[in-house]
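>>> sharing a model prediction with you, sequence too.
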Amino acid sequence: MVSNASSVRQIKLRNYRYPGEVLSLVLTFSILASLYALVIIFFPSNAKQVWQTLIITAIGLAVYVITVVVQQRSAFGTLVRVSPRQFPEIHEAGTIAAARLSSPQMPVYVKRSSEQNIYTLGLLGQPLIVITSAMIDQMSNESLQFFIGREIGHIRAGHTWLRTLLRPLGAGIPVIGKLLDSVVFGDWMNRTELTADRAGFFACDSLTVAVSTMLKFGVGTRLFEKLDIKEFLEQLNDVRSVGGRVTEIVSEQPYLIQRIRRLVRFALSNEFSPLVNRERQNTGILQQLPQAFIDTSGIALPKRNSAQGDELTSIEPDTVPTADLTEESKDNSFIDSWTLTSLSNNKTIQLRRCHTTIGRSVENDIVLTDDDRVSRNHAEILRQGQHPMLIDCGSRNGVWLNHQRISEASQLKTGDRIRIGRQEFIFTVQEN
């Protein structure tokens, strides 16, 4: 099932470029040019040595660029192209990501590797996105939309040429490459990653998917199933010191905790709200985040209106729709009218009036502990108006409705068959 792009208007680069990114690059090049000019002015003893220094520098840069191009051409022979006939699921993920970012579709290739990685090749000519087979095996289609969207963001923001020079095949060159990547261009590289996170968020169209995907990639898909998200993110205080900020600049990427915090605040800000066209959605991953991650400044919150009830004044990007905030919707008690019947033991389970959570964590309303294919927070059943909606909360193995994996909120009706992990249920609406 393919979800439609939810943007009200065309998404432009300025909608997700991280503040200060361009300024950081300009300042870095200005400092490098100034230092190089000082070296040229003071160290060579005569004009001949100045010219020799300039010529050696130009030749060195040319040789390096040629080496990078040759490396990429040789690597190209080991890649497998994604197309509608070849890996159609990956092709669909790329198509959806490009459409949501209002971007032309980018060529995507698969590389056989045991390491999860995705990067863009594109120093000269058309950029192309490379995904390793390990990432495809361990990530859902929604997560692939996030990752492909990140690379499209890099391409549209003009990061590709310099990032390719610093990381020719998705990894830094030892010693000199690491010095340039982490120290010289460290601040700019970090800001490009934050820009890409925002682009990936637009591409997957779900804050829950974006954050859970970042966590899966950061700690590993298996460890993610055992991760206490709230406790992990509360480590934010450990990296808020001056020393933590300095080491973040010279690291390969911004700290994962900071990346998630900045993305959540962007998602909840008035800067983002006008770009989507949905009811405000406050469920999903927001329930698992520490309060420090949710900054209410700059966020349009529900406004009370006595004549019309609670009226929502802005929108929240996520795949989880919620009911109107009426008095009835505040009652989330168990009801008899909506039930799930397990096919394994014929047990009938009552659902809540507005919001029922399903997963392996004991904090869920329906706990499925004896199935290693069930995620901590796997699925939700929500009331939208008078309709029950089934939601995948970014689970590793997906939620299946009538033998089809869902990729967006799907309406339930009596007799629908739901599979979560290895367990199957029949949904029933009891008539009053």
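Thanks, I have the structure now.

>>> partners of the longest strand belonging to the chain in the sheet?
Secondary structure of the chain per DSSP state E: the longest strand is strand 334-342. When pairing is defined by DSSP bridges, strand 334-342 lines up against strand 348-352 (antiparallel), strand 423-429 (antiparallel).

>>> got the ones you listed as TSV, with distance to residue 137, mean pLDDT and mean neighbour count columns?
In short, each C-beta sits where N, CA and C put it, glycine included. Formatted as TSV, the strands paired with strand 334-342 follow (distance: least, C-beta to C-beta, whole Å; pLDDT from 0 to 100; neighbours: other C-beta atoms under 10 Å):
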stretch	distance to residue 137	mean pLDDT	mean neighbour count
strand 348-352	32	90	17
strand 423-429	23	93	18
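
>>> in CSV, list those along with distance to residue 265.
Output for those, formatted as CSV (distance: least, C-beta to C-beta, whole Å):
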stretch, distance to residue 265
strand 348-352, 30
strand 423-429, 36
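
>>> what is the subsequent helix or strand relative to the one helix or strand residue 35 maps to?
Assigned by DSSP states H and E, residue 35 falls within helix 21-42. Following helix 21-42 in sequence order, the next helix or strand is helix 47-76 (DSSP H and E).

>>> for that next one, packing partners?
Here helix 47-76 touches helix 21-42, strand 118-121, helix 160-166, going by 3 or more C-beta pairs under 8 Å, 6 or more residues apart in numbering; DSSP states H and E.

>>> give the rounded mean pLDDT of the first one.
Regarding helix 21-42, the rounded mean pLDDT is 84.

>>> show me what counts as buried in that helix.
For helix 21-42, the neighbour count (16 or more other C-beta atoms under 10 Å) marks 21, 24, 25, 28 as buried.

>>> kindly report the same for the last one.
When neighbours are counted by 16+ other C-beta under 10 Å, the buried residues of helix 160-166 are found to be 160, 162, 163, 164, 165, 166.

>>> closest to the centroid, which residue in this structure?
residue 210 (3.3 Å; C-alpha atoms, centre = their mean).

>>> quick check: it vs residue 406, distance?
Per C-beta to C-beta, to the nearest Å, residue 210 is found 18 Å from residue 406.

>>> that older thread, what strand or helix carries the residue nearest to the centre of the chain?
According to DSSP H and E, residue 210 maps onto helix 207-219.

>>> what's next to that helix, contact-wise?
By C-beta atoms under 8 Å, 6 or more residues apart in numbering, the surrounding residues in contact with helix 207-219 are 116, 138-139, 142-143, 145-147, 197, 200-201, 204, 224, 227, 229, 232, 256, 259-260, 263-264, 267, 284-286, 289, 316-320, 393-394, 396.
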